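Engineer: Test case, fold it:
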Amino acid sequence: MGSLARIPEVHPSQGVNMVEVTRREVLKGVGATAAGMLFGARGSRAQEELRILGRPVELVVSSVSARTVRLSVVPLEADRPAPIPQDGSLVRERWGEPALRLRSLRSSQRVPSGDLVVWLSPDPLTIHIETREGRLVQRLQLDPRTGAMSFLQGEGPVLGLGQGGPQFDRRGSRDLMRSGQGGYRLRTHGGRVPIPWLIGTSGWAMFVHQPEGIFDLTASEGRFEPRRPEEALPLDLFVIGTPEPMEIMAEYARLTGLPEMPPLWALGYQQSHRTLAGRDEVLSVARTFREKKLPCDVLIYLGTGFTPSGWNTANGSFSFNRSVFPDPERMIRELHEMNFRIVLHVVILSRALRGTARDGCELARFDEEEAGCYWNLHRRVFAMGVDGWWVDEGDPLDRVSRLVRHRLYWEGPQMDRPNARPYALHRNGHAGMQRYAAFLWSGDVYDSRRLRRMFALQELRQSYTHWGRSIRRIRRSRAVWTSAGGFGARG
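Structural biologist: Predicted structure coming up:
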């Protein structure tokens, strides 16, 4: 036996250990390595190269904060990393220079990131995230054939994923992450507002920025599946490691933004009307509230189409129904004199929205899918004294368009009333909508008493600080909708 040498061995969960080998074995290994370098270098490089779905990729590790690390798996195009699509949810595109970029991985590699440590290992690509004290935060593993990612759920409940769906622990469910009212138990659980944000009560959280996908939590390990294989890359996600709920939510706000406040009056009682008989009824209902000293801050008027006779001529129209509002500007002034704020129900007819309200609109090239043109449709009505909007429909909009719509109702009103806080009550949304003072409503629910506590807790986990529920009471062909504003402390 020859003398002993000590060689470091890296393990993704145990750090660096020392193993003993003989000098003969070392020399044998060196010879084998040299032979590989002479005769198989090209094949060796091919085996070490990172590939997902048969495509070469670059793995990027970036430190966002002491508790949050960003992990990006980006496809290479002409030997250059492809850009990561931005959907508007993040407050910024990048956080400083990456701690690591690599395109091949032969053995485990350690990457410090704030108070966390990232371990990378190949075949298949596996990423361990630990604290510096050695507590395992998360383990991610990428399927090279499908682009799907498995992750640990931990021992406690798993929360998040936005409004709607099974409550409260998401474990055991498979969430298709589809926006709108066609999902899980609308009657009692409300519309679905999917947010790719998970909180593990065992001390981790994860925000999947790209791509869109499905969360399958039916097995012992969670699984994120790209919605479409051709859109599996790039994969861009943020992992947060801390057991403190306040710190987790602070990191989410760091990524997607702090909430803006709506106007104070939006936090009071809001009375919504369905079928309107005419001018006299509109003013009579308002006077009755005041005469009976019933607290009410907001009067909401539904649009025609959802009701036989609403505030406008048809769904999507911005023309007043003259049989109900024959002199809208004067009527709004009278309602203001009784200390009511006026909110109108609006729907979107297009299936996409892009740009911002500040972009303006060329009448010769009017396009309702341009935010500047779409906001221009509101301005004549808004100038009559309307105070806010009930932003309904929009289920077919993709998440980029949903955020464009939120931003439109935040920036558009401020163009005409720069000293007034805008108000919009939305049915759809996405991560980051809190930056636009988004007020979210429950959708067309029927058993609101069961929903109050459930929704309030659920929305706060997504950093929605303003939420309201729909309460229905229907008699024959007439209906009155009421909405009470729910409010949570600013994050």
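
Engineer: hey, where'd the strands end up in the stretch 51-200 of the chain?
Structural biologist: With DSSP state E, counting those that start in this stretch, the ranges of strands along the stretch 51-200 of the chain come out as 51-52, 55-63, 68-77, 80-81, 100-102, 109-113, 116-121, 126-131, 136-142, 149-152, 158-163, 174-175, 193-200.

Engineer: Tell me which of those lies nearest to A424.
Structural biologist: strand 193-200 (14.5 Å; C-beta to C-beta). Heads up, the C-betas are built off the backbone N, CA and C, glycines and all.

Engineer: Partner strands of the closest one, with direction?
Structural biologist: Note on strand 193-200: by DSSP bridges, its sheet partners are strand 158-163 (antiparallel), strand 204-210 (antiparallel).

Engineer: and these, which one's lowest on average pLDDT?
Structural biologist: Ranked by mean pLDDT, the strands paired with strand 193-200 bottom out at strand 158-163, with a mean of 90.

Engineer: Quick check: buried residues in it?
Structural biologist: Within strand 158-163, the residues that count as buried by 16 or more other C-beta atoms under 10 Å are 158-163.

Engineer: can I see the domain layout of the protein?
Structural biologist: The chain breaks down by automatic domain parsing into domains covering 4-40, 51-155+202-256, 264-487.

Engineer: Nearest to R170 among those would be which one?
Structural biologist: domain 51-155+202-256 (5.4 Å).

Engineer: show me what contacts A82?
Structural biologist: 74-76, 233-234 (C-beta atoms under 8 Å, 6 or more residues apart in numbering).

Engineer: correction: P81
Structural biologist: 58, 60, 74-75.

Engineer: so which two of those are the farthest from each other?
Structural biologist: Among the contacts of P81, V60 and P75 lie farthest apart (C-beta to C-beta), at 12.0 Å.

Engineer: got a markdown table for the domains of the chain, with distance to G172 too?
Structural biologist: Below are these laid out as a markdown table (distance: least, C-beta to C-beta, whole Å):
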| stretch | distance to G172 |
| --- | --- |
| domain 4-40 | 27 |
| domain 51-155+202-256 | 6 |
| domain 264-487 | 17 |
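
Engineer: coming back round to it: using CSV, please lay out the strands of the stretch 51-200 of the chain together with distance to S323.
Structural biologist: Shown next, in CSV, are these (distance: least, C-beta to C-beta, whole Å):
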stretch, distance to S323
strand 51-52, 61
strand 55-63, 59
strand 68-77, 56
strand 80-81, 60
strand 100-102, 65
strand 109-113, 64
strand 116-121, 64
strand 126-131, 63
strand 136-142, 60
strand 149-152, 57
strand 158-163, 36
strand 174-175, 45
strand 193-200, 35
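
Engineer: quick one: V381 from L283, how far?
Structural biologist: In this view, V381 and L283 are 19 Å apart by C-beta to C-beta, to the nearest Å.

Engineer: Am I right that N376 falls within a helix?
Structural biologist: Yes. N376 forms part of a helix when assessed by DSSP: H, G, I helix; E, B strand; the rest coil.

Engineer: Just give the closest residue to it, not the sequence neighbours.
Structural biologist: C361 (4.9 Å; C-beta to C-beta, 6 or more residues apart in numbering).

Engineer: picking up where we left off before, nearest to D169, out of the strands paired with strand 193-200?
Structural biologist: Evaluated over the strands paired with strand 193-200, closeness to D169 peaks at strand 158-163, with 6.2 Å, by C-beta to C-beta.

Engineer: more crowded one of V381 and L283?
Structural biologist: With neighbours defined as other C-beta atoms under 10 Å, V381 and L283 compare such that V381 has more, 20 against 14.

Engineer: Give me the pLDDT value at the more buried one.
Structural biologist: 97.

Engineer: for the host helix or strand of V239, the distance to its chain's centre please.
Structural biologist: V239 is located in strand 235-241, with elements delineated by DSSP states H and E. Chain-centre distance of strand 235-241: 14 Å, with C-alpha atoms, centre = their mean, to the nearest Å.

Engineer: same thing with stretch 76-84?
Structural biologist: 26 Å.

Engineer: and it, what's its mean pLDDT?
Structural biologist: The average of the pLDDT scores along stretch 76-84 is 95.

Engineer: which residues are in contact with stretch 315-322?
Structural biologist: 276, 303-306, 309-313, 328, 346-349, 377-378, 380-381.

Engineer: For the spatially most central residue of the chain, what are phi and psi?
Structural biologist: The centre of the chain sits closest to A431, judged by C-alpha atoms, centre = their mean, with a distance of 2.4 Å. Backbone geometry at A431, expressed as degrees, to the nearest 10, gives phi -50, psi 130.

Engineer: hey, where'd the helices end up in the protein?
Structural biologist: 23-39, 41-48, 186-189, 245-256, 279-291, 328-337, 371-382, 399-416, 448-461 (DSSP state H).

Engineer: Would you mind pulling up the elements that the fourth one packs against?
Structural biologist: Applying 3 or more C-beta pairs under 8 Å, 6 or more residues apart in numbering; DSSP states H and E, one finds that helix 245-256 makes contact with strand 68-77, strand 193-200, strand 204-210, strand 235-241.

Engineer: possible to save those strands as JSON lines with distance to V137 and mean neighbour count?
Structural biologist: Output for the helices and strands packed on helix 245-256, formatted as JSON lines (distance: least, C-beta to C-beta, whole Å; neighbours: other C-beta atoms under 10 Å):
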{"stretch": "strand 68-77", "distance to V137": "9", "mean neighbour count": "22"}
{"stretch": "strand 193-200", "distance to V137": "9", "mean neighbour count": "25"}
{"stretch": "strand 204-210", "distance to V137": "5", "mean neighbour count": "23"}
{"stretch": "strand 235-241", "distance to V137": "4", "mean neighbour count": "24"}
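
Engineer: quick one: which of those is nearest E411?
Structural biologist: Between these, strand 193-200 lies closest to E411; by C-beta to C-beta that is 21.1 Å.

Engineer: before we move on, back to that, and D175, which of the domains of the chain is closest to it?
Structural biologist: The nearest among the domains of the chain, by C-beta to C-beta, is domain 51-155+202-256 at 4.7 Å.

Engineer: That closest one: end-to-end distance?
Structural biologist: 30 Å (C-alpha to C-alpha, to the nearest Å).

Engineer: shouldn't I348 be in contact with L397?
Structural biologist: Yes. Between I348 and L397 there is a contact under C-beta atoms under 8 Å: 7.3 Å.

Engineer: Overlap of the contact sets of the two?
Structural biologist: Joint contacts of I348 and L397 (C-beta under 8 Å, 6+ apart) are R405.

Engineer: Excluding chain neighbours, give the residue nearest to A99 in space.
Structural biologist: Counting by C-beta to C-beta, 6+ apart, the residue nearest A99 is V61, at 5.0 Å.

Engineer: For L76, see how far away that neighbour is.
Structural biologist: 17 Å.

Engineer: Next: R407.
Structural biologist: Counting by C-beta to C-beta - R407 and L76 are separated by 33 Å.

Engineer: sorry, back to before: so for S89, which of the strands of the stretch 51-200 of the chain sits nearest?
Structural biologist: strand 193-200 (8.8 Å).

Engineer: Cool, thanks, signing off.
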